[in-house]
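Enquirer: no sequence for this one, just the structure:
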């Protein structure tokens with residue numbers, strides 16, 4: 001995962017940085033490794049980098065850190081929706097639970113246009129919480 005500054009004035013008004021990560025192809029992971037493990041690491045690294053970037057920004061500690069994410073891997077990378085949902089739920093709960101005293105509150109929103117997939121993610125997060 002890498003952080004870049006947002007391009008364009010409209011993005012700069014809303015975002016401090018943009019985090020980029022590349023999930024694996026489900027059917028062709030590198031070195032025949034477990035694609036779900038690699039996908040989980042994409043979330044871990046990207047969310048960790050978000051937290052690191054924010055530490056350098058002087059803002060009110062009561063203002064939540066707002067992060068938006070797609071459902072990584074579920075598009076052109078070929079992950080079946082339920083596998084992508086499971087990994088996203090586990091890693092988002094793990095990240096949420098990593099909040100330490102005095103740290104800004106965290107909000108992670110997933111942009112998922114399919115209602116059924118979004119509901120599956122919400123149920124999976126509730127189940128493991």
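Expert: Looks like it arrived, so ask away. Note that the coordinates shown come from a computational prediction; the quantities given were computed from them, not determined experimentally.
Enquirer: and the longest helix seen in the chain, what's buried?
Expert: The residue-count maximum for a helix in the chain (DSSP state H) belongs to helix 35-55. Residues of helix 35-55 classed as buried by neighbour count (16 or more other Cβ atoms under 10 Å): 35-36, 38-43, 46-47, 49-51, 54. Every residue, glycine included, has its C-beta placed from N, CA and C.
Enquirer: go on, stretch 79-97?
Expert: Neighbour counts over stretch 79-97 (16+ other Cβ under 10 Å) mark 79, 81, 83-93, 95 as buried.
Enquirer: stretch 110-123 now?
Expert: Of the residues in stretch 110-123, 110, 112, 117, 120-121 count as buried by neighbour count, 16+ other Cβ under 10 Å.
Enquirer: now, which of those residues lie within strands?
Expert: Counting by DSSP state E, those place residue 110 in strands.
Enquirer: tell me the two of the buried residues of stretch 110-123 that are most distant?
Expert: Using Cβ to Cβ, these span at most 11.0 Å, a distance reached by 110 and 120.
Enquirer: low-scoring stretches of this structure, by residue?
Expert: Applying pLDDT under 70 to the chain flags the ranges 54-60.
Enquirer: can you give me the strands in it?
Expert: Using DSSP E, the strands found in the chain span residues 2-4, 18-20, 65-69, 106-110.
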